[in-house]
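Asks: Here is a sequence with its predicted model. Questions after.
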Amino acid sequence: MKNICIYGAGGVGGYFGAKMIRNNRDHLVHISFIARGRHLERIQECGLTLIGDNETITVRPDAASREIVQVPVPDLVLLCVKGYDLSSAVQELIGVITEETVILPLLNGIDIPERIREYTSEGFVLPACVYVGTHIEEPGMIRQSGGDGRIIFGDDRQKGSMGARACSEVLRVLGIHFEYMPDPSRQIWTKYLFIAAYGMVTAASGKPLGEVYADEARRKDVGDIMAEIVLLSSKKGVVLPPNAVAQSLEKATAFPFETKTSFQRDFSDSQKKNERELFADTLVRIADVYGVDMPRIREYKRRLEE
């Protein structure tokens, strides 16, 4: 792999892109950013600054553009967009990817590879999830908190392990923390369990993570949603541990009391798109396929539509 494209150089993409560039000291690969607006302009003018708990670095990608046709044809694409931009991003990728391209999608959702495959059969699409605490603090600047970001990914569900092996090799060379496993479905659903349940309740209530956890009624709603998600995962053939709900509920205590979920931040701004479709809408759609009653999820879907 010689060419890497970070498609969406926001909080997640900017973090991993900056780490890659910093560790690409021998210029073994060419790293491009796809970004938008003032954020892109600042990257082109001054580079991208990543502020972490222990260090601040400023890096310059080999190329930065609004359109992927203006950067070298990628061997590896880190797809780091919001769910509502996935369709347009994949349609743009169709114009440049080949049968050998590896797509590593780092966004919320339990069915992202399937969504990508609705548009293209080209390349390798790896099921994945990501753990990293980042956001754009201002154009050209990413703020990261907590430990190093980590990517979990597995084999293309249609084409096997070749793409995942190639991805593992380049991420290792560039010093990115990752975990490869042939089938990461359980890990993807486990992360989704937390972000979907707390995301829906924080967005509908307007309350931060700590307040939701501290309120007995809202905490029960989160637990009920999680229990319904666990049931749906089993219908999909993904069996989560017996203590999955309890552990996911407690994760809220690891965050500052006033933390807002990503979905909540977007939902509270009427001028912004949000990922409701990836959470409430997707869960209800899956429930309908399997004929499963999801009363708490359906309740919150209605509240989020009001």
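Replies: It's in. No experiment lies behind these values; they were computed from the predicted model shown.
Asks: helix or strand for the closest residue to residue 111 other than its chain neighbours, which one?
Replies: Closest residue in space to residue 111, ignoring its immediate chain neighbours: residue 282 at 6.9 Å, by C-beta to C-beta, 6 or more residues apart in numbering. The C-beta positions use only the backbone N, C-alpha and C, and glycine is treated the same way. Per DSSP states H and E: residue 282 is located in helix 280-290.
Asks: buried set for that helix?
Replies: Buried residues in helix 280-290, counted by 16 or more other C-beta atoms under 10 Å: 280, 282, 283, 284, 286, 287.
Asks: Stretch 242-256 too?
Replies: Within stretch 242-256, the residues scored as buried using 16+ other C-beta under 10 Å are 244, 245, 248, 249, 252, 255.
Asks: quick one: terminal-to-terminal distance for it?
Replies: For stretch 242-256, the first-to-last residue distance is 27 Å (C-alpha to C-alpha, to the nearest Å).
Asks: Quick one: distance of that stretch to the chain centre.
Replies: Per C-alpha atoms, centre = their mean, to the nearest Å, the displacement of stretch 242-256 from the mean C-alpha position of its chain is 19 Å.
Asks: Give me the residues contacting the helix holding residue 282.
Replies: With contacts defined as C-beta atoms under 8 Å, 6 or more residues apart in numbering, helix 280-290 is touched by 109-111, 196, 200, 228-229, 232, 235-236, 293-294, 297-298, 300-301, 304.
Asks: and that helix, how far from the chain's centre?
Replies: On the basis of C-alpha atoms, centre = their mean, helix 280-290 sits 20 Å off its chain's mean C-alpha point.
Asks: One more: stretch 88-108?
Replies: Offset of stretch 88-108 from its chain centre (C-alpha atoms, centre = their mean): 15 Å.
Asks: can you check stretch 221-232 too?
Replies: Offset of stretch 221-232 from its chain centre (C-alpha atoms, centre = their mean): 21 Å.
Asks: quick one: low-confidence parts of this protein?
Replies: Within the chain, not a single segment meets pLDDT under 70.
Asks: What helix or strand is the residue most central in space within it located in?
Replies: When C-alpha atoms, centre = their mean is applied to the chain, the residue found nearest the centroid is residue 107 (2.0 Å). If you go by DSSP H and E, residue 107 is not part of any helix or strand.
Asks: Now do the contacts for it.
Replies: Per C-beta under 8 Å, 6+ apart, neighbours of residue 107: 12, 79, 80, 81, 82, 83, 86.
Asks: burial count for the closest residue to the last one other than its chain neighbours?
Replies: The shortest distance from residue 86 to any non-neighbouring residue, by C-beta to C-beta, 6+ apart, is to residue 115 (6.0 Å). The burial metric for residue 115, expressed as a neighbour count using other C-beta atoms under 10 Å, is 18.
Asks: same check, this time on residue 179
Replies: Counted with other C-beta under 10 Å, residue 179 comes out at 13.
Asks: how about it, what does it touch?
Replies: By C-beta under 8 Å, 6+ apart, the residues touching residue 179 are 150, 151, 152, 153.
Asks: Could you report the distance from it to residue 211?
Replies: Using C-beta to C-beta, to the nearest Å, residue 179 is found at 33 Å from residue 211.
Asks: those helices in the stretch 101-250 of the chain, which residues are they?
Replies: 112-117, 162-173, 185-205, 209-214, 216-235, 244-250 (DSSP state H, counting those that start in this stretch).
Asks: now these as a markdown table including distance to residue 73?
Replies: Output for these, formatted as a markdown table (distance: least, C-beta to C-beta, whole Å):
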| stretch | distance to residue 73 |
| --- | --- |
| helix 112-117 | 18 |
| helix 162-173 | 15 |
| helix 185-205 | 28 |
| helix 209-214 | 41 |
| helix 216-235 | 37 |
| helix 244-250 | 40 |
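Asks: Among these, show me which one is buried the most.
Replies: helix 185-205 (a mean of 23; mean count of other C-beta atoms under 10 Å).
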